[in-house]
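Chemist: Predicted model follows, preceded by the sequence.
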Amino acid sequence: MSELKRFAWFKQRRISPYRITGFLWSLFRALLLAGISFVLVFPILFMLSDAFKPVGQNYDPSVIWIPKSFTFENVTDALKVMDIWKTLGNTFAVSITSALLQVVSCLLIGYGFARFNFKGRNVLFILVLLTIIVPPQTISSSLYFQYKYFDLFGLLTVFKWLTGAGGSINLVGSNWVFYIPSLLGMGLRSGLYIFIFRQFFRGMPKELEDAAYIDGCGPYASFMRIMLPNAGGAILTVLLFSIVWQWNDFYTPAMFLNNKYTIATALAAFQQNLSSLSNVGGLNTDPYVVSTRIQAACLVSIAPLVILYIFTQRYFTESIERTGINS
């Protein structure tokens, strides 16, 4: 009798193939997420460990992740090398101003593509999408000469011909090389932002605008009173994307801002400028000195973006769900 009971107990608790498959799939997902999380978090952990670790402890084999003591010398040296306050001022001026201008221009362009029917609309939108695909390096040479000898519609040349004074303006070295394309919807990643706004406005009920038109609103009033107040999620998404991309952009500042540093260009030139530190002196050839200072500089560079994301991540996550960006 006991053998029969034991057999029945095992039979009731036998594992079905479906339970095995479900368990293996859950295990695979957990391992995959753990692996991706490690790949994303590892550089930050290494950066934090190295940035606050005294140089001498790099020669101690017992110190792997957590230093025996902490130091701010690496961070202070990095701040000096990067001339951090001037560099941050330049970066904020470029990033935030360009981002605001891009939001305004791309918002209007995206709304126009979503709501107005006009000849060549689809062709123009395809050209907008091509700006996402075509790398900016293909037009960098022509842009440089355009900014070097900037002449708005040839008016300055005509003015010089009439008066004998004036001529072209050299915009290279000024922030206008960022502001002008951002205002005209041709800034960094503007094609993507136009696409985001277009998808958002296409997803909004057209009956809202029809009701506004019945109440006597024109296209401008309908946009300002109905569509714009509901576009907060899309605006926040584009604003954050634009700030981050402008902050991390190296190519454009390196090409046009030959007398200024942004965070990206200062970080690229960090090792070269490290020898300017008087308190490091001849030690700048030590690979551990260079490594700890570079990690501290990287930490300083990403800190404002991390702080920005911490304060806006809840609104950013909600806005992505509402913008139709997955389309």
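Modeler: Now that the structure is in, tell me what you want to look at. Numbers count the residues shown, from 1 in each chain.

Chemist: Might one say that residue 300 is in contact with residue 79?
Modeler: Yes. Applying C-beta atoms under 8 Å, one finds residue 300 in contact with residue 79, separated by 6.6 Å. For every residue, glycine as well, the C-beta is placed using N, CA and C.

Chemist: Neighbour count: these two, which is higher?
Modeler: Remark: of residue 300 and residue 79, residue 300 carries more neighbours, 20 against 17, as counted by other C-beta atoms under 10 Å.

Chemist: so where's the stretch 101-250 of the chain shaky on pLDDT?
Modeler: Residues of the stretch 101-250 of the chain that meet the criterion pLDDT under 70 lie in 153-167.

Chemist: cutoff 50 now
Modeler: Judged against pLDDT under 50, the stretch 101-250 of the chain has no low-scoring part.

Chemist: For it, which segments are assigned as helices?
Modeler: For the stretch 101-250 of the chain, the helices defined by DSSP state H, counting those that start in this stretch occupy 121-133, 140-148, 155-163, 176-183, 190-203, 206-214, 219-222, 232-248.

Chemist: who wins for proximity to residue 114 among those helices?
Modeler: helix 190-203 (3.6 Å; C-beta to C-beta).

Chemist: what about that closest one, distance to the chain center?
Modeler: 17 Å (C-alpha atoms, centre = their mean, to the nearest Å).

Chemist: coming back round to it: of the helices of the stretch 101-250 of the chain, which approaches residue 108 most closely?
Modeler: Using C-beta to C-beta, the helices of the stretch 101-250 of the chain put helix 190-203 closest to residue 108, at 8.6 Å.

Chemist: Pull out the buried residues from that closest one.
Modeler: 190-201 (16 or more other C-beta atoms under 10 Å).

Chemist: Return the residues in contact with residue 221.
Modeler: residue 212 (C-beta atoms under 8 Å, 6 or more residues apart in numbering).

Chemist: sorry, that was for residue 90
Modeler: Counting by C-beta under 8 Å, 6+ apart, the residues that residue 90 touches are 257, 260-262.

Chemist: give me that answer again for 7 Å
Modeler: Counting by C-beta atoms under 7 Å, 6 or more residues apart in numbering, residue 90 makes contact with 260-262.

Chemist: before we move on, what about residue 179?
Modeler: So residue 179 contacts 97-98, 101 (C-beta under 7 Å, 6+ apart).

Chemist: Distance to residue 38 and neighbour count for the residues you listed - can I get that in JSON lines?
Modeler: Formatted as JSON lines, the contacts of residue 179 follow (distance: C-beta to C-beta, whole Å; neighbours: other C-beta atoms under 10 Å):
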{"residue": "97", "distance to residue 38": "37", "neighbour count": "16"}
{"residue": "98", "distance to residue 38": "34", "neighbour count": "25"}
{"residue": "101", "distance to residue 38": "39", "neighbour count": "21"}
